[in-house]
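S.K.: Give me a model of this one.
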Amino acid sequence: MSSNQSTHEETRRHREEGPKKHIVAFVLSLVLTLIAFAAVASGEINTTFTYVILVGMAIVQVFVQLSFWMHMKDRGHLFPILGIVFGAVVVFTMVIMAEYWVWW
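M.R.: The predicted structure is shown next:
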């Protein structure tokens, strides 16, 4: 009975994830990439605003990739998520320290 129940849960989960969510994630990734490409290719947008758009699109793209393709939104991924957050904090701290070291 346990095996039948786990098979049913896997089938239900697969149906919920299905290709529809993957197609939506793929289209969203393409749209985010096209927005970033258009911001750079136009050349008429202020450079600072272009950087803001690129960083914003990169952050959203990371969340889309992690949640849909790497399945970080599912249960049981606490330690990988904590590792990613800790790594981001370390990198951010290193960048700030490097800027202070260069510009001080």
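
S.K.: now the one helix or strand residue 92 maps to, how far from the centre of its chain.
M.R.: Using DSSP states H and E, residue 92 maps to helix 78-103. Distance, stretch centre to chain centre, for helix 78-103: 17 Å (C-alpha atoms, centre = their mean, to the nearest Å).

S.K.: and this structure, what are its domains?
M.R.: 2-73, 75-104 (automatic domain parsing).

S.K.: most neighbours per residue, which of these?
M.R.: domain 2-73 (a mean of 12; mean count of other C-beta atoms under 10 Å). To be clear about C-beta, it is placed using only N, CA and C from the backbone, and glycine gets the same treatment.

S.K.: Give me the mean pLDDT for it.
M.R.: For domain 2-73, mean pLDDT rounds to 80.

S.K.: cool, stretch 86-101 as well?
M.R.: Per-residue scores along stretch 86-101 average to 93.

S.K.: Render the CA-only coordinates of that stretch in CSV, please.
M.R.: The C-alpha coordinates for stretch 86-101 follow below in CSV (Å, rounded to 0.1, in the frame of the first residue of the first chain):
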residue,chain,number,x,y,z
PHE,A,86,25.7,32.4,2.5
GLY,A,87,27.7,32.4,-0.7
ALA,A,88,25.9,35.6,-1.9
VAL,A,89,26.6,37.3,1.4
VAL,A,90,30.3,36.4,1.3
VAL,A,91,30.6,37.6,-2.3
PHE,A,92,28.8,40.8,-1.5
THR,A,93,31.0,41.4,1.5
MET,A,94,34.1,40.7,-0.6
VAL,A,95,33.0,43.2,-3.3
ILE,A,96,32.4,45.9,-0.7
MET,A,97,35.7,45.2,0.9
ALA,A,98,37.5,45.3,-2.4
GLU,A,99,35.9,48.7,-3.3
TYR,A,100,37.0,50.1,0.1
TRP,A,101,40.5,48.8,-0.4
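
S.K.: Helices of the chain, start to end?
M.R.: With DSSP state H as the criterion, the chain has helices at 2-42, 47-64, 78-103.
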